[in-house]
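Colleague: I'll drop the sequence and a predicted model, then ask my questions.
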Amino acid sequence: MKYEDYGMKITGEMLIGRSAVRGREKILRALDPALGTELEPTFGGGGESEVDRACLLAQDAFDSYRETELEGRARFLEAIGEGIVGLGETLIERACVESGLPKARIEGERARTVGQLKLFATIVRDGRWLDVALDSPLPDRTPPRSDLRLRKIPLGPVAVFGASNFPLAFSVAGGDTASALAAGCPVVVKAHPAHLGTSELVGRVIQEAVAASGLHEGVFSLLIGEGNAIGKALVSHPAIQAVGFTGSRQGGMALMKIASERRVPIPVYAEMSSINPVFLLPGALAHRSEKLAQGFVDSVTLGVGQFCTNPGLVIALESPGLERFRDAASEKIMAKGAGIMLTAGIQAAYRSGLQRLAGTPGVRKLAEGQPGSGNCTGQVAFLETDAEKFLAAPHLQEEVFGPTSLLVSCRNIDEMVALAEQLTGQLTASLHLEADDFAAARRLMPVLEKKVGRIVVNGFPTGVEVSHAMVHGGPFPATSDSRSTSVGAKAIERFLRPVCYQDVPEALLPMALRDSNPLSLWRLRDGKLAQR
């Protein structure tokens, strides 16, 4: 289906249920970061009244949507994916101009977004996420046991905040929205101000899919607003039962504070900051230092360093192999041109963070890339210090969002392990090793398991597969809840909670818990997994 078949155009309106609403609080414009020019059309920002309307609609939709037939819910998710593809070049072109990202990157991100929706459709059909357990009554036991049955139900309406660095995959129809809708939660999205046109196009696809699927209009709404006020109103609204957020630590912490101060606090699943340490062990450096340098530079400059899995920290033992890596990486970095960053605000924060790093006593700049001549560009930089100075300056562990990385040299494996123990929570840690590095790796692995959500061996952390085994999370400050992931099949669990049904008559039980198993689910019956 083509974009024109939907009869859509970018109007600058919010989408509240089935309605398109022009906000009156503030006039907003998306910007082209490459040229620094404003884009048409203007958008009307909303306020508390629009937030209230969207949240109350979501609340009204919850009971009917959470009990939708699994096949119907799966088809709804697939319809969103089909609609996104149907937007064709219109979506690609708008996302490119609003983000400054190249066409190939946006096309890949569209494929990932559609793939996420298909994955969750498969998960919904499968039904294992309901986690059904049946414990038969034991009336003759002393004391007797009641008939006990468990299933998971959705939390309620979810607020999702679009991310700056992924205009599609972590935005209006991204992973948070897909997993929340899969769980049976209506979603109210706040569009990122950098992607207003892209957000409206995708939002209209979801709005159309809601109507075509015969669902309550409150299953989805899209809000637009400037500053923190509309986000605060959204997280504070009593109808909202959980929050999905990808962004800065400052932004995530602010939302966590609002959520915790509500009369009824709610969970905030915030993915916030990570420097993703890369450990180069001696055997790997001795055998392939130049290859490691190439992989490292490619990773740190991917997307102008604007990935949450950017390798912002490299840790290695002093050795001839490290010298070769240092020289090769510096040479490759000096040949790299500057790239367009997502927004002027991100560029300004990157420059400030880089100055903070470079201005720290004991930190020296090894290399920097070619300066940019265009608007809103980010220049790659490579810096170095030693373990003692790194540990003495806690701010060196703070994320600098952009194409930069800090090399930390260690004198021996004991110092490397001690440094690892002092790291804050991270999304990832990478180990580059050969067979003769296994002894060192065995010392590092238990430390890293406590620090990160994903351990990578002989690879770099950029690139997050959407799959059943993926974990995109980690201890604070990488995320607000280390028990969850924002990518992959397990992301659905963030928006579910268990309910036990004790001695409930068959006629009153939900379909998933009935003896006849009308949904043909795999269930844990008296401790044994069976499809009965």
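Modeller: That came through fine.

Colleague: correct me, but Asn375 touches Gly100?
Modeller: No. Assessed by Cβ atoms under 8 Å, Asn375 is found out of contact with Gly100, at 9.0 Å. Where you see a C-beta, it was placed from the backbone N, CA and C, and this is true even at glycine.

Colleague: and those two? which has more neighbours close in?
Modeller: Gly100 (23 against 17; other Cβ atoms under 10 Å).

Colleague: tell me the spacing between the more buried one and Gly402.
Modeller: Per Cβ to Cβ, to the nearest Å, Gly100 is found 13 Å from Gly402.

Colleague: where along this structure do the helices fall?
Modeller: 48-66, 70-86, 88-99, 103-126, 175-183, 196-212, 229-236, 249-260, 282-301, 320-334, 344-358, 387-392, 413-422, 438-449 (DSSP state H).

Colleague: and the pLDDT at the nearest residue to Ala358 once chain neighbours are set aside?
Modeller: Nearest residue to Ala358 in three dimensions, chain neighbours excluded: Lys365, at 5.6 Å (Cβ to Cβ, 6 or more residues apart in numbering). pLDDT recorded at Lys365 is 96.

Colleague: Met256 too?
Modeller: So Met256 comes in at 97 (pLDDT).

Colleague: same question for Ser373.
Modeller: At Ser373, the pLDDT value in this model is 81.

Colleague: and the one 4 residues further on, by the same measure?
Modeller: Thr377 is assigned a pLDDT of 93 by the prediction.

Colleague: hey, what's in contact with both of Asn375 and Gly100?
Modeller: Shared contacts of Asn375 and Gly100, defined by Cβ atoms under 8 Å, 6 or more residues apart in numbering, comprise 33-34, 340.

Colleague: among those, show me the least confident.
Modeller: Minimum pLDDT for the shared contacts of Asn375 and Gly100 is recorded at Ala34 (89).

Colleague: just confirm that residue contacts Gly374, I think it does.
Modeller: Yes. Applying Cβ under 8 Å as the test, Ala34 and Gly374 come out as touching, 6.3 Å apart.

Colleague: what's opposite Leu407 in the beta bridge?
Modeller: Val314, Glu384 (DSSP bridges).

Colleague: residues contacting it?
Modeller: 314-316, 326, 366, 382-385.

Colleague: in CSV, list the residues you listed along with distance to Met14.
Modeller: Shown next, in CSV, are these (distance: Cβ to Cβ, whole Å):
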residue, distance to Met14
Val314, 44
Ile315, 46
Ala316, 50
Arg326, 51
Leu366, 48
Phe382, 43
Leu383, 43
Glu384, 48
Thr385, 48
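
Colleague: take those residues and lay them out in a markdown table including neighbour count.
Modeller: Output for those, formatted as a markdown table (neighbours: other Cβ atoms under 10 Å):
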| residue | neighbour count |
| --- | --- |
| Val314 | 26 |
| Ile315 | 24 |
| Ala316 | 24 |
| Arg326 | 20 |
| Leu366 | 17 |
| Phe382 | 25 |
| Leu383 | 21 |
| Glu384 | 19 |
| Thr385 | 21 |
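
Colleague: out of these, which is nearest to Ala349?
Modeller: Leu383 (17.1 Å; Cβ to Cβ).

Colleague: and that closest one, how far from Thr309?
Modeller: According to Cβ to Cβ, Leu383 and Thr309 sit 19 Å apart.

Colleague: next: Thr485.
Modeller: Using Cβ to Cβ, one gets 13 Å for the distance from Thr485 to Thr309.

Colleague: more neighbours, the two?
Modeller: Counted by other Cβ under 10 Å, Thr485 and Thr309 do not tie: Thr485 has more neighbours, with 27 against 21.

Colleague: which residue packs closest to Glu421, ignoring adjacent ones?
Modeller: Nearest one to Glu421, counting by Cβ to Cβ, 6+ apart, is Val447 at 5.5 Å.

Colleague: what do you get for Ile80?
Modeller: Using Cβ to Cβ, 6+ apart and skipping residues adjacent in sequence, the residue nearest Ile80 is Ala209, 4.8 Å away.

Colleague: buried ones in stretch 335-348, by neighbour count?
Modeller: 336, 338-343, 346-347 (16 or more other Cβ atoms under 10 Å).

Colleague: likewise for stretch 403-415?
Modeller: Of the residues in stretch 403-415, those buried (16+ other Cβ under 10 Å) are 403-410, 413, 415.

Colleague: what does stretch 125-142 give?
Modeller: In stretch 125-142, counting by 16+ other Cβ under 10 Å, buried: 127, 129-135.

Colleague: quick one, what contacts Gly244?
Modeller: Per Cβ under 8 Å, 6+ apart, neighbours of Gly244: 158-161, 176-177, 179-180, 269, 486, 494.

Colleague: need the buried ones from these selected in ChimeraX.
Modeller: Buried residues among the contacts of Gly244 (16+ other Cβ under 10 Å), as a ChimeraX selection:
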select :158,159,160,161,176,177,179,180,269,486,494
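
Colleague: turn the contacts of Gly244 into JSON lines, including distance to Val219.
Modeller: Below are these laid out as JSON lines (distance: Cβ to Cβ, whole Å):
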{"residue": "Val158", "distance to Val219": "11"}
{"residue": "Ala159", "distance to Val219": "14"}
{"residue": "Val160", "distance to Val219": "13"}
{"residue": "Phe161", "distance to Val219": "18"}
{"residue": "Asp176", "distance to Val219": "15"}
{"residue": "Thr177", "distance to Val219": "11"}
{"residue": "Ser179", "distance to Val219": "14"}
{"residue": "Ala180", "distance to Val219": "10"}
{"residue": "Tyr269", "distance to Val219": "20"}
{"residue": "Ser486", "distance to Val219": "21"}
{"residue": "Arg494", "distance to Val219": "18"}
